[in-house]
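> Predicted model and sequence follow; I will ask about them next.
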Amino acid sequence: MRYLNLIRNISNWPLHIKHKFGLTTSDPIVFTAKNDIRFEVPDRLYHEFKEIFLENAYTVGQQKRITRTDPTIIDIGANVGFFSVFALSKFPKCSLYSYEPVESNFKQLSRNRELNRDRNFNCFNLAVCGHKGTIEINFDITDQFTTSATIVNTNNDNLTSMEVPCLRLRDIFDENNIEKCDFLKLDCEGAEHDVLYNTPAAYLARIDQMAIEVHQGKNEGENLESLRNFLNRNDFDLFQFNDKLHMLWAHRT
């Protein structure tokens, strides 16, 4: 299935085979997804590329089709933009809003946006949480690209703290005049509870479906069961795979 997904999702898929067998030393590798969406994959993030384009990590549990040809898609915790360009390849007419707080990641995200400048691909160097202003995030500053920046204090001496600007999910809707979000992807390393619990019901009602990576937090309610109950109360049906317990998919009933 992984290689079938590769062929379905990537037009110049033989490049992956060359990389796998050490037949190319290019870094980054420039892939072309369907609908002529181009993007760079640094070798450091090749595993994350495979998760999204070979394993369909954020859509494999999707229970509802996106029916509009020009959907609105919000990517919170965009990293360098692999899910964003995946979404663009599926819906080239979509309006895409991608949020990433870590500067090194954001530079590569912006690079991938530049490769697709004819698309409605909007990138923001901001964290998303439950308040507007600034927030402290923790990440490994020695890593060229980080995949684990978090607002959670992990007491890890290898992580560096940095204050970054932030906004709320409702601000994304208001500042971009979004009436409806067809698909929200949330992968923000523990901030998902803060983001959703502080979003008024009227804004949640504008979201048709979500893919959420869920983390166990330290505060009351920051757990999978509480999040499931919260989403059920806000009229979402939920789906999980037993072997992907960290991923939760929600869609409007």
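Cool, got the structure.

> from here on, contacts and neighbour counts on C-alpha atoms
Will do.

> pLDDT-wise, which helix or strand of this protein ranks last?
Counting by mean pLDDT, DSSP states H and E, the chain has its least confident helix or strand at strand 133-139, which shows a mean of 90.

> Give me the helices and strands touching that strand, please.
Using 3 or more CA pairs under 8 Å, 6 or more residues apart in numbering; DSSP states H and E as the contact criterion, the elements in contact with strand 133-139 are strand 160-168.

> got a list of what residue 54 touches?
Remark: with contacts taken as CA atoms under 8 Å, 6 or more residues apart in numbering, residue 54 is in contact with 1-6, 9.

> Spell out the residue ranges of the helices in this protein.
Taking DSSP state H, the helices of the chain run over residues 2-9, 14-20, 46-53, 82-90, 103-114, 169-175, 192-197, 201-204, 224-233.

> helices or strands up against the fifth one?
Translated: helix 103-114. Counting contacts by 3+ CA pairs under 8 Å, 6+ apart, helix 103-114 packs against strand 37-41, strand 120-124.

> low-scoring stretches of the chain, by residue?
The chain contains residues with pLDDT under 70 at 141-158, 243-244.

> One more pass at 90, please.
1, 137-162, 189-190, 216-219, 241-245, 253 (pLDDT under 90).

> can you pull the buried residues of stretch 130-140?
When burial is assessed from 16 or more other CA atoms under 10 Å, stretch 130-140 yields the following buried residues: 130-131, 134-140.

> List the residues that contact the closest residue in space to residue 192 that isn't next to it in sequence.
Nearest in space to residue 192, with sequence neighbours left out and distances taken as CA to CA, 6 or more residues apart in numbering, is residue 186 at 6.6 Å. Residues in contact with residue 186, defined by CA under 8 Å, 6+ apart, are 75-77, 192, 210-213.

> do that again at 10 Å, thanks
The neighbourhood of residue 186, defined by CA atoms under 10 Å, 6 or more residues apart in numbering, consists of 58, 74-78, 128, 192, 195-196, 210-214, 247-248.

> how close does the spatially most distant residue from the centre of the chain sit to residue 178?
When each C-alpha in the chain is compared with the mean C-alpha position (CA atoms, centre = their mean), residue 23 comes out farthest, at 30.3 Å. Distance, residue 23 to residue 178, using CA to CA, to the nearest Å: 45 Å.

> Same question for residue 123.
In this structure, residue 123 and residue 178 are 15 Å apart, going by CA to CA.

> Which one of the two is surrounded by more residues?
Taking neighbours as other CA atoms under 10 Å, residue 123 and residue 178 compare with residue 123 leading, 19 against 15.

> Can you name the residues bridging to the closest residue to the more buried one other than its chain neighbours?
When the adjacent residues along the chain are set aside, residue 123 lies closest to residue 98, with 4.8 Å between them (CA to CA, 6+ apart). When bridges are taken as DSSP bridges, the partners of residue 98 come out as residue 75, residue 123.
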